[in-house]
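[1] Generate a structure from the sequence data that follows.
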Amino acid sequence: MNILAIDTSTIVASVAIINEDKLLGEMMINHQKKHSEKLMTAIDHLLSDSGLDLSNIDVFGVVEGPGSFTGLRIGMATAKGFAQGLNKPLIGVSTLASLANNVPTSSGYICPILDAQRNQVYTGIYYFDASKLKNKLTDTALEIEDLIEEISKLDGNIYCLGDGLPRFYEQIEKSCSNTIKVPNHVNMNRASSAAELVLHKALTGDFMDYKQLEPVYLRPSYAEEKKC
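    As a prediction, this is how the structure comes out:
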């Protein structure tokens, strides 16, 4: 089963192809948000380098959010277009779960943190149980002070990662001494981590109708809030 996964939820544009046996390839660009210009080129290169074309993909996966509103729409539209055009299954996975999956089988908790602006973060709290990723705190948008309060309740190591760390980690670390900042090479969204979650869902038949899958924003945009 060949799976192509797309992640454009943050500044990182990433695509990956995996099957049950291995990661066939991954491309990541961690520079600027011109996903509309980069994504199709990255997919074309990855397919070519993997010796595949779109017809060889059995399942398409996409990171559904939270994250950049524009980035999510680009990734979602691309994945939906492939699924519809080729009549193939589509599976969406959480941005935050995908981030947490960057540090598999870690002992303790994993806290992905995305900068949601206005002193808020998109976050959740995850852990591994028998190699399966589970969540203790469901994906949500929180004030940073509220996240710190949630983290302070936890025992053991808490691995923090995501694009919110440059802005918020010092504040978190001062209040929670049991936090650990992950290394840079896993401190970003990777389509390969998302693809693993997609694979797990595909093997259990957890598919979605492409018409029903929509981006998960967790909160309205600032412009939408001003209209209310």
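[2] Flag every buried residue along stretch 144-152.
    Within stretch 144-152, the residues that qualify as buried are 144, 147, 148, 150, 151, counting by 16 or more other CB atoms under 10 Å. Any C-beta I mention is one placed from the backbone N, CA and C, and that applies to glycine too.
[3] for the nearest residue to residue 197 once chain neighbours are set aside, helix, strand, or coil?
    Counting by CB to CB, 6 or more residues apart in numbering, residue 197 lies nearest to residue 93, which is 4.4 Å off, once chain neighbours are set aside. With DSSP: H, G, I helix; E, B strand; the rest coil as the basis, residue 93 sits in strand.
[4] coming back round to it: out of the buried residues of stretch 144-152, who's nearest residue 112?
    When the buried residues of stretch 144-152 are compared for distance to residue 112, the smallest value, 10.9 Å, is given by residue 147; criterion: CB to CB.
[5] surely that closest one meets residue 122?
    No. No contact is recorded between residue 147 and residue 122 when judged using CB atoms under 8 Å, the distance being 10.0 Å.
[6] tell me, what's touching the two both at once?
    The overlap between the contact sets of residue 147 and residue 122 (CB atoms under 8 Å, 6 or more residues apart in numbering) consists of residue 113.
[7] Which strands or helices does the longest strand seen in the chain pack on?
    Counting residues, the longest strand in the chain under DSSP state E turns out to be strand 132-143. Counting contacts by 3 or more CB pairs under 8 Å, 6 or more residues apart in numbering; DSSP states H and E, strand 132-143 packs against helix 95-100, strand 120-129.
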